[in-house]
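Visitor: A structural model of the following input is requested.
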Amino acid sequence: MAQIPEREGFLSAVLETVEALVTVLDREGRIVSFNRACRQATGYSLQEVEGRYVWDFLLVSHEAQPVKTAFARLRAGQFPDNHENYWIAKDGTRRLIHWTNSCLTGPSGEVEYVIGTGIDVTEHKLVEEALRGVAQFPEENPNPVLRIDRAGTVLYANRASDALCGAWRCHVGRAAPEGFAAIVRKTLDARQTGEIEVAAGDRVFTFLCAPIPDGGYVNLYGRDITERKQAEETLRAAKIEAENEKRRLEAVMEALPVGVVITDARGGVVRSNGMDRKIWGGSRPATHAVSDYVEYRAWWADTGRPVEPEQWASAQAVLQGETVVGQVFQIQRFDGTRGFVINSAAPVRDAAGKIVGSAVAVQDVTQHIEAEEALKQLNETLEQRVSERTALAERLAAQLRSLAAEMTHAEERERRRISYLLHEQLQQLLVAARMRLRMTQRSAGSGPLDVMFREVDDILNQAIAESRLLTLELSPPALYAGGLAAGLAWLAQNTKEKHGLSIDIHAGKDAEPADESVQLFLFHAVRELVLNIIKHAEAGSACIELKRIDDQRLQLVVADTGVGFAPSQVDTPGTSSGFGLFSIRERLKVIGGNLRVDSFPGKGTRIVIEIPAVAEKTGNACTASQETLFPRP
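Guide: Residues are numbered from 1 along each chain as shown. Okay, the predicted model is just below:
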């Protein structure tokens, strides 16, 4: 059976079990519900009558207009209403129905549905007519028949009335129950047939009161309507429960923090809660079908394209039976402002699985979307700033590399200049002085000054030797002629001869730095480390290893077996030469390299230097120009 979207199984079950005819019409008079009693009385199925106007096929032609007039009064709120009219069954027979009509109203008090409760009185009317014909044969009547005079005395009671009279404790010749005398007098005075309902124990009877003015009494023809009254009471309780359930549903809808909308099978809006009205900036426009969704302006959040009527979640729910979750729209509210919502809907089905409407949930995510957009813009701003800072840092790093390379070249130029002065001037002066001394010695001949001449000659000879050694140390020819590996081999030999420290050299053939400025820097760094070994390590031997780690990096290791030290000392700048471990590490950072110290007191020291295998452009530029800055010795 079709259900009003707000009703649930309880009302449906009651309507199917009661003996009374119950039909529900919408505001236009179309059949929404048609219970089992209606189907049995007319022979029509629910599918044959649903959505049709009741006066188009069920009514006798001359009764159609009066029924429409009564329906208009009901829709205007003038209920309850009682009337009788004929229904034409599918097979053409006519059934006389006594109707009691009521209405269900919405939150605004407007009538939404008209509920008709009918009793098929066709047989009752036939009985009434028959009673008149058999009044002379009351004893044969299976229903109670009584005769009561104006004073309220029971003049006659047939056998079918025995149980009734027993319940009332009255018999022929005695007074009827209290109130009957007044009914008899009213009926006699009016001279019109009337009908009353009387309770007797657990049974309920209806009596047709037929006045016999000439006799001064009233004949009462009874009928047991207990089952009918029970059905009406059950239906009344069902209506109350349905109304209570409707109010509970409304309370739940109003308590939800999201917009909730109930639609009918065509997609028309039946009810919406306060949050939905708040989200949309006012009440929704009249919406009777999916085609009316053109009144709602919305755009897909991801593409910006307009949302078509059939694309709404509620449209897909009622038209295709699909549950749609998470549609993200930008909407234009009815007050002109815009916002973002997540729209979802699911179909509502009756007991037979037929779609009778949809439930829609609308969540306002405007603040969330706006916060995401603000965060996105902030991220873009931060990324721009990071990019700018990165570019600045790269420029500064390039300048540092250039300065480091230039400082290395400046140091080397100064060494070469001093070496040149020692070789070309000081050594020449010393040689000339020695030659002049020897000439003077020969001129003076042997004598007391001869010993002094030899001592001065030895001093000059030693000065010449020291200046030559200093020239080599300042600017080793092997380094410029053979590269870093050759320079390290010369350093090892010179250290052995001068200080007695044995150094093993291991240099890979593919480990030679391409940039001459890097070669110079690494050579002087190694010489500084070797001097540290001589001064502090108390080691008898050392090892220098130069190798390529991979295509990207070179590694230079200087290790000894001396007393070791605490690596934390590396973080403190040296004060002796300015080119200690701290200085080496800082210069390595500039060219993209690093220095690692593995040492422990009493365990020796291992210093690892790693640098990029490919020289930076700044280094290449400096190398390319260094030949013009100072000559080779």
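
Visitor: could I get the full set of helices for the stretch 301-450 of the chain?
Guide: Here the stretch 301-450 of the chain has its helices, by DSSP state H, counting those that start in this stretch, at 313-320, 366-421, 427-444, 450-474.

Visitor: average pLDDT across the second one?
Guide: Taken as a whole, helix 366-421 carries a mean pLDDT of 75.

Visitor: cool, stretch 249-261 as well?
Guide: The model assigns stretch 249-261 a mean pLDDT of 87.

Visitor: buried ones in that stretch?
Guide: Neighbour-count burial for stretch 249-261, counted by 16 or more other CB atoms under 10 Å, picks out 249, 253, 258-261. C-betas here are computed from N, CA, C, even on glycine.

Visitor: re earlier: pick the most deeply packed of the helices of the stretch 301-450 of the chain.
Guide: helix 313-320 (a mean of 21; mean count of other CB atoms under 10 Å).

Visitor: list the contacts of it.
Guide: 261, 263-267, 290, 293, 309-310, 322-325, 327, 343-347, 355, 357-358, 360 (CB atoms under 8 Å, 6 or more residues apart in numbering).

Visitor: please check these and keep the buried ones.
Guide: 261, 263-265, 267, 290, 293, 309, 324, 327, 343-347, 355, 357-358, 360.

Visitor: re earlier: and of the helices of the stretch 301-450 of the chain, who's closest to Leu522?
Guide: Closest to Leu522 of the helices of the stretch 301-450 of the chain is helix 366-421 (CB to CB; 10.0 Å).

Visitor: check contacts around the closest residue to Glu370 other than its chain neighbours.
Guide: Distances taken as CB to CB, 6 or more residues apart in numbering place Phe340 nearest to Glu370, at 7.9 Å, with adjacent residues excluded. Phe340 makes contact with 301, 328-331, 364-366, 368-370 under the criterion CB under 8 Å, 6+ apart.

Visitor: how far away is Glu455 from Ile464?
Guide: Distance from Glu455 to Ile464, counting by CB to CB, to the nearest Å: 15 Å.

Visitor: and if you look at Glu373?
Guide: 82 Å.

Visitor: neighbouring contacts of stretch 30-46?
Guide: 1-4, 15-26, 49-54, 58, 87, 89-91, 95, 97, 113, 120.

Visitor: only whichever of those are buried, select them in ChimeraX.
Guide: Filtering these down to the buried ones (16+ other CB under 10 Å) takes a single ChimeraX command:
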select :1,2,3,4,15,18,19,20,21,22,23,24,25,26,49,50,53,54,58,87,95,97,113,120
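
Visitor: tell me which of the contacts of stretch 30-46 fall in helices.
Guide: 15-17, 49 (DSSP state H).

Visitor: any chance of these in a markdown table, with distance to Arg438 and pLDDT too?
Guide: Formatted as a markdown table, the ones in helices among the contacts of stretch 30-46 follow (distance: CB to CB, whole Å; pLDDT from 0 to 100):
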| residue | distance to Arg438 | pLDDT |
| --- | --- | --- |
| Leu15 | 142 | 75 |
| Glu16 | 142 | 80 |
| Thr17 | 145 | 78 |
| Val49 | 144 | 94 |
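
Visitor: got those residues as CSV, with distance to Ile584 columns?
Guide: Converted to CSV, the ones in helices among the contacts of stretch 30-46 look like this (distance: CB to CB, whole Å):
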residue, distance to Ile584
Leu15, 96
Glu16, 96
Thr17, 99
Val49, 99
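
Visitor: which strand residues bridge the residue nearest to Val290 when sequence neighbours are not counted?
Guide: Leaving out its chain neighbours, the residue that sits closest to Val290 by CB to CB, 6+ apart is Gly267, at 3.9 Å. Counting by DSSP bridges, Gly267 is bridged to Ala289.

Visitor: surely Gly267 and Thr287 touch.
Guide: Yes - counting by CB atoms under 8 Å, Gly267 touches Thr287, with 7.4 Å between them.

Visitor: which neighbours do those two share?
Guide: Tyr293.

Visitor: circling back to that earlier point, now, the buried ones among the contacts of helix 313-320 that are in strands?
Guide: Among the buried ones among the contacts of helix 313-320, the members found in strands (DSSP state E) are 261, 263-264, 324, 327, 343-347, 355, 357-358, 360.

Visitor: now the two most distant members of the residues you listed.
Guide: Maximum distance among these (CB to CB): 20.6 Å, for Asp264 and Gln327.

Visitor: where are the low-confidence patches of the stretch 151-300 of the chain?
Guide: Across the stretch 151-300 of the chain, nothing is flagged by pLDDT under 70.

Visitor: which stretches of it form strands?
Guide: Along the stretch 151-300 of the chain, counting by DSSP state E, counting those that start in this stretch, strands occupy 154-157, 194-200, 203-212, 217-224, 259-264, 269-272, 298-300.

Visitor: turn these into TSV, including distance to Arg236.
Guide: Output for these, formatted as TSV (distance: least, CB to CB, whole Å):
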stretch	distance to Arg236
strand 154-157	33
strand 194-200	15
strand 203-212	14
strand 217-224	20
strand 259-264	25
strand 269-272	24
strand 298-300	44
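
Visitor: quick one on the thing from earlier: of all the helices of the stretch 301-450 of the chain, which lies closest to Ala525?
Guide: So among the helices of the stretch 301-450 of the chain, helix 366-421 is nearest, using CB to CB, at 10.1 Å.

Visitor: so what pLDDT did the residue nearest the centre of the chain get?
Guide: By CA atoms, centre = their mean, the chain has its centre lying nearest to Gly326, at 8.6 Å. We note a pLDDT of 93 for Gly326 in this prediction.

Visitor: for it, give me its contacts.
Guide: 342, 344.

Visitor: what residue ranges in the stretch 451-600 of the chain score low on pLDDT?
Guide: Looking at the stretch 451-600 of the chain by pLDDT under 70, you get 467-475, 569-579.

Visitor: kindly recompute the last result at 50.
Guide: Along the stretch 451-600 of the chain, the parts satisfying pLDDT under 50 run over 574-579.

Visitor: which stretches in it count as strands?
Guide: Using DSSP E, counting those that start in this stretch, strands in the stretch 451-600 of the chain cover 502-507, 541-548, 553-560, 594-599.

Visitor: what is the last one packed up against?
Guide: If I follow you right, that is strand 594-599. helix 581-590, strand 605-612 (3 or more CB pairs under 8 Å, 6 or more residues apart in numbering; DSSP states H and E).

Visitor: and it, how far from the chain's centre?
Guide: Relative to the centre of its chain, strand 594-599 is centred 50 Å away, using CA atoms, centre = their mean, to the nearest Å.

Visitor: and for the second one?
Guide: Its chain's C-alpha centre and that of strand 541-548 lie 59 Å apart, by CA atoms, centre = their mean.

Visitor: cool, and the first one?
Guide: Averaging C-alpha coordinates over strand 502-507 and over its chain gives two centres that are 65 Å apart (CA atoms, centre = their mean).

Visitor: who's in contact with it?
Guide: Residues contacting strand 502-507 (CB under 8 Å, 6+ apart): 484-485, 488-489, 491-492, 495-496, 530, 540-547.
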